[in-house]
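Colleague: this is a predicted model, with the sequence first.
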Amino acid sequence: MPCAARQIQAVRCAMQSEMMEVRDMETAVPTVHRSDILHAYSECGVREGDIVLTHSSLKSFGYVEGGALAVIGAAFDAVGPEGTVVFPTLVSQDFRNAYINWNVNTSPSDVGAITETFRLMPGSLRSNQATHSVAAQGRLADELTCEHTAYGPRMGIFGDYCFSYSSPWEKMYLHGAKVVFIGVTTLYNTFKHFVEYRFIEWALHSIVDDETRCAAMSEVAVFHNPGRVWPEGAWPFHDSEFTETEMDRAGLIKYAKCGNSRFTCFKADQYVDFTLSLFKSLPNGLFNERFIAWYQQYIRKQE
């Protein structure tokens with residue numbers, strides 16, 4: 001082989017080797033430590049004394065030294081002794097039978113290894129509601145979890161007490177809790193359903209005529225209705241990516257990176273208030289046609 005050809009081949013081999021090294025670095029599984037996770041919590045805005053609700057994916061980090069307990073420990077570190085750590089302990093498997101089979105003490109959390117580990121930890125308090133319970137530890141844990149179904153029902157597609165006035169979701173809203181997503185998108189944002197319930201409540205209360213309000217209520221999707229197949233009825237399911245984009249434009253979201261995982265954080269009260277205002281403007285493409293028809297028939301004509 002001529003000298004020039006050998007040199008070209010050598011250069012190509014070196015370039016291929018460098019490209020393989022870059023690929024290996026990009027696909028390598030990083031090792032994440034509790035201190036790294038604490039740094040990400042802090043970077044995205046969580047402070048001592050906060051209530052922090054975390055939606056999470058353990059595998060999104062890469063390899064976590066200490067596993068789920070390291071993530072939970074970092075959440076405690078982030079809020080300190082005066083703060084409160086909360087994880088969702090929801091039902092997603094066999095949801096239709098949740099109200100029949102669920103037990104506050106024995107039913108597992110269906111939303112990830114971290115949440116189930118936290119539920120089983122000594123000192124964790126779990127709210128007693130079949131579909132949208134949470135577990136909590138810290139200064140306000142008892143206040144948040146003690147009376148999930150005690151008062152103030154709101155009618156809706158998952159049942160009337162999951163987002164009631166006595167629910168942890170209402171209390172986290174009132175306290176301005178921080179909501180953090182670790183390695184998952186806001187598609188998994190349970191507060192989006194809290195907003196949907198609040199929006200339905202506002203819409204129904206805006207109807208002045210009692211007969212018209214009753215007619216509107218009869219068409220809202222609810223969990224227990226023997227005359228319908230669930231989840232038939234009008235309900236403001238919406239595009240959570242759209243609302244996240246609008247929140248981001250308004251400067252209401254903070255982000256951080258840890259291993260292969262992205263942290264996304266916003267305040268519960270800011271999210272709810274902003275999204276409710278957005279809902280009331282009824283932007284194109286946000287809701288399904290069934291709900292828009294219901295809204296135009298019963299709400300728009302009141303305006």
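Modeller: Thanks, I have the structure now. Numbers count the residues shown, from 1 in each chain.

Colleague: how about low-confidence regions in the protein?
Modeller: For the chain, residues meeting the criterion pLDDT under 70 lie at 1-27, 226, 301-303.

Colleague: roughly how far does the residue nearest the centre of it sit from Lys178?
Modeller: When Cα atoms, centre = their mean is applied to the chain, the residue found nearest the centroid is Asn189 (2.2 Å). Counting by Cβ to Cβ, to the nearest Å, the gap from Asn189 to Lys178 is 13 Å. To be clear about C-beta, it is placed using only N, CA and C from the backbone, and glycine gets the same treatment.

Colleague: so what sits against both of the two?
Modeller: Residues touching both Asn189 and Lys178 (Cβ atoms under 8 Å, 6 or more residues apart in numbering): none.

Colleague: hang on, Ala130 packs against Gly159?
Modeller: Yes. Counting by Cβ atoms under 8 Å, Gly159 is a contact partner of Ala130 at 7.3 Å.

Colleague: common neighbours of those two, please.
Modeller: Counting by Cβ under 8 Å, 6+ apart, the residues touching both Ala130 and Gly159 are Tyr99.

Colleague: these two - which one has more neighbours?
Modeller: The residue with more neighbours, out of Ala130 and Gly159, is Ala130; 24 against 21, by other Cβ atoms under 10 Å.

Colleague: next, the more buried one: secondary structure please.
Modeller: Counting by DSSP: H, G, I helix; E, B strand; the rest coil, the backbone at Ala130 sits in coil.

Colleague: quick one: the residue lying closest to it once chain neighbours are set aside from Glu65, how far?
Modeller: Residue nearest to Ala130 in three dimensions, not counting chain neighbours: Trp102, with 3.9 Å by Cβ to Cβ, 6 or more residues apart in numbering. Remark: distance between Trp102 and Glu65 (Cβ to Cβ) = 34 Å.

Colleague: more neighbours, the two?
Modeller: Neighbour count, other Cβ under 10 Å: between Trp102 and Glu65, Trp102 has more, with 16 against 13.

Colleague: show me the contacts for the more buried one.
Modeller: Here Trp102 is in contact with Val91, Ala130, Thr131 (Cβ under 8 Å, 6+ apart).

Colleague: any idea how many residues pack against Tyr63?
Modeller: 12.

Colleague: so it is in contact with Val32, correct?
Modeller: Yes. With contact defined as Cβ under 8 Å, Tyr63 counts as touching Val32 (6.8 Å).

Colleague: joint contacts of those two?
Modeller: With Cβ under 8 Å, 6+ apart as the test, Tyr63 and Val32 both reach Gly259.

Colleague: part of a strand, is Cys162?
Modeller: No. Assignment of Cys162 by three-state DSSP gives coil, placing it outside any strand.

Colleague: which parts of the protein are strands?
Modeller: 31-32, 51-56, 63-64, 84-88, 125-126, 134-138, 178-182, 254-258, 261-267 (DSSP state E).

Colleague: to Cys146, which of those strands lies closest?
Modeller: The minimum distance between Cys146 and these falls on strand 125-126, with 7.6 Å, by Cβ to Cβ.

Colleague: touching the closest one from outside, list them.
Modeller: Strand 125-126 is contacted from outside by 89, 104-105, 119, 133-137, 141-142, 145-146, using Cβ under 8 Å, 6+ apart.

Colleague: let's go with 10 Å and repeat that
Modeller: Outside of strand 125-126, the residues within contact range by Cβ atoms under 10 Å, 6 or more residues apart in numbering are 86-87, 89, 104-105, 107, 109, 118-119, 133-138, 141-146, 148, 168.

Colleague: run the chain-centre distance for that strand.
Modeller: With Cα atoms, centre = their mean, to the nearest Å as the basis, strand 125-126 stands 18 Å off its chain's centre.

Colleague: one step back: buried subset of the contacts of strand 125-126 as a ChimeraX selection?
Modeller: Of these, the buried ones go into a single ChimeraX selection, burial set by 16 or more other Cβ atoms under 10 Å:
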select :86,87,89,107,109,118,119,133,134,135,136,137,138,141,144,145,148,168
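
Colleague: quick one: residues contacting Thr275.
Modeller: 189, 191-192, 194-196, 198-199, 238, 240, 243-244, 246-247.

Colleague: now what about stretch 209-225, what contacts it?
Modeller: With Cβ under 10 Å, 6+ apart, stretch 209-225 has contacts from 95-96, 98-99, 130-131, 155-160, 162, 200, 203-207, 227-228, 230-237, 290-291, 293-295, 297-299, 301-302.

Colleague: from these, list the buried ones, please.
Modeller: Here, 16+ other Cβ under 10 Å leaves 98, 130-131, 156-160, 162, 200, 203-204, 207, 233-237, 290-291, 294-295, 298-299 buried among those.
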